[in-house]
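Q: Okay, here's the prediction I keep looking at, along with the sequence it came from:
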Amino acid sequence: MLIKYWYFQDRDLAKNIESEVLKILRNKFPKAYLTKEDMPQHGYTEAFSSEAISSRKVINIINKTIRTSLPNI
């Protein structure tokens, strides 16, 4: 389900922000929510329980990471 969309002209910047956000989420939730068997097509390391963290909090983490990466915004 798509909750929000961010557009970046610079693919490398988008990838760096994604990596940073995933690192933050993995630090908050070190135990994996899904396993390789749950999602054999990959992506299981990027899945988090909606009971553990709301989409609003994830959006806030993403926006904060973007502001930190682009201080002139």
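A: Good, I have the coordinates. It should be emphasised that the depicted structure is a prediction, and the values quoted were computed from it without experimental measurement. Residues are numbered from 1 along each chain as shown.
Q: Helix, strand, or coil at residue 49?
A: coil (DSSP: H, G, I helix; E, B strand; the rest coil).
Q: residue boundaries of the helices in the protein?
A: 11-28, 55-69 (DSSP state H).
Q: can you list those helices in CSV and add mean neighbour count?
A: Where you see a C-beta, it was placed from the backbone N, CA and C, and this is true even at glycine. Formatted as CSV, the helices of the chain follow (neighbours: other CB atoms under 10 Å):
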stretch, mean neighbour count
helix 11-28, 13
helix 55-69, 14
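Q: Could I get the ones you listed in JSON lines, plus columns for distance to residue 46 and mean pLDDT?
A: Shown next, in JSON lines, are the helices of the chain (distance: least, CB to CB, whole Å; pLDDT from 0 to 100):
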{"stretch": "helix 11-28", "distance to residue 46": "6", "mean pLDDT": "94"}
{"stretch": "helix 55-69", "distance to residue 46": "11", "mean pLDDT": "95"}
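Q: Need those helices in TSV (columns: distance to residue 35).
A: Output for those, formatted as TSV (distance: least, CB to CB, whole Å):
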stretch	distance to residue 35
helix 11-28	15
helix 55-69	21
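Q: what's the closest of the ones you listed to residue 34?
A: Closest approach to residue 34 among these (CB to CB): helix 11-28, 13.0 Å.
Q: which helices and strands does that closest one pack with?
A: helix 55-69 (3 or more CB pairs under 8 Å, 6 or more residues apart in numbering; DSSP states H and E).
Q: which strands and helices sit next to the helix it packs on?
A: In terms of contacts (3+ CB pairs under 8 Å, 6+ apart), helix 55-69 is packed against helix 11-28.
Q: And residue 63, how close does it get to residue 37?
A: Going from residue 63 to residue 37 by CB to CB, to the nearest Å gives 33 Å.
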